[in-house]
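# missing the sequence, but the structure's below:
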């Protein structure tokens, strides 16, 4: 089993910054990709940013230039630095990862975190 633990959400004023962190633990043989998604009430979960084990990143257009995704050296913790936050960034942010496990190293097991609320006031 693989678990994701998130931290760093909260309330911030427009223009402010927050940093989210997510650590993967469990029977991990390989981290394929980790990332962040967000969801607002009544809407589908949308991709915010992803980073592969080789460091390739991908961002939704709405956050380019404001958000930065990164990992630690072990690639088991992913960070999302969010700057110049806007009220429209308000959402529940979910960590996501795909992993090869110790039982099935070639697997691409998808795991979700529990979500962390980010609220940006005007």
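Sure, I can see it. Since this is a predicted model, take the numbers as computed values, not measurements. Numbers count the residues shown, from 1 in each chain.
# any idea how far residue 79 lies from residue 115?
16 Å (C-beta to C-beta, to the nearest Å). Heads up, the C-betas are built off the backbone N, CA and C, glycines and all.
# likewise residue 63?
The gap separating residue 63 from residue 115 is 17 Å, by C-beta to C-beta.
# again, but for residue 105
Counting by C-beta to C-beta, the gap from residue 105 to residue 115 is 28 Å.
# Tell me which of the two has more neighbours.
Legend: neighbour count by other C-beta atoms under 10 Å for residue 105 and residue 115, higher for residue 115 (17 against 11).
# Next, give phi and psi for the more buried one.
When read as degrees, to the nearest 10, the backbone of residue 115 gives phi 100, psi 150.
# which residue sits closest to it, ignoring its sequence neighbours?
The shortest distance from residue 115 to any residue other than its chain neighbours is 4.4 Å, reached at residue 92 (C-beta to C-beta, 6 or more residues apart in numbering).
# Go ahead and confirm that neighbour touches residue 39.
Yes: with contacts counted by C-beta atoms under 8 Å, residue 92 reaches residue 39, the gap being 5.3 Å.
# show me the contacts for the residue nearest the centre of the chain.
Of all residues in the chain, the one closest to the mean position by C-alpha atoms, centre = their mean is residue 36, 2.5 Å from it. Counting by C-beta atoms under 8 Å, 6 or more residues apart in numbering, residue 36 touches 20, 22, 48, 49, 50, 69, 78, 80, 93, 94, 95, 96.
# looking at those, which has the most residues close by?
In those, the most neighbours by other C-beta under 10 Å go to residue 78, 28 neighbours.
# how much space between it and residue 5?
For residue 78, the distance to residue 5 - C-beta to C-beta - is 11 Å.
# Next, show the common contact partners of those two.
When contacts are counted by C-beta under 8 Å, 6+ apart, residue 78 and residue 5 have residue 22 as shared neighbours.
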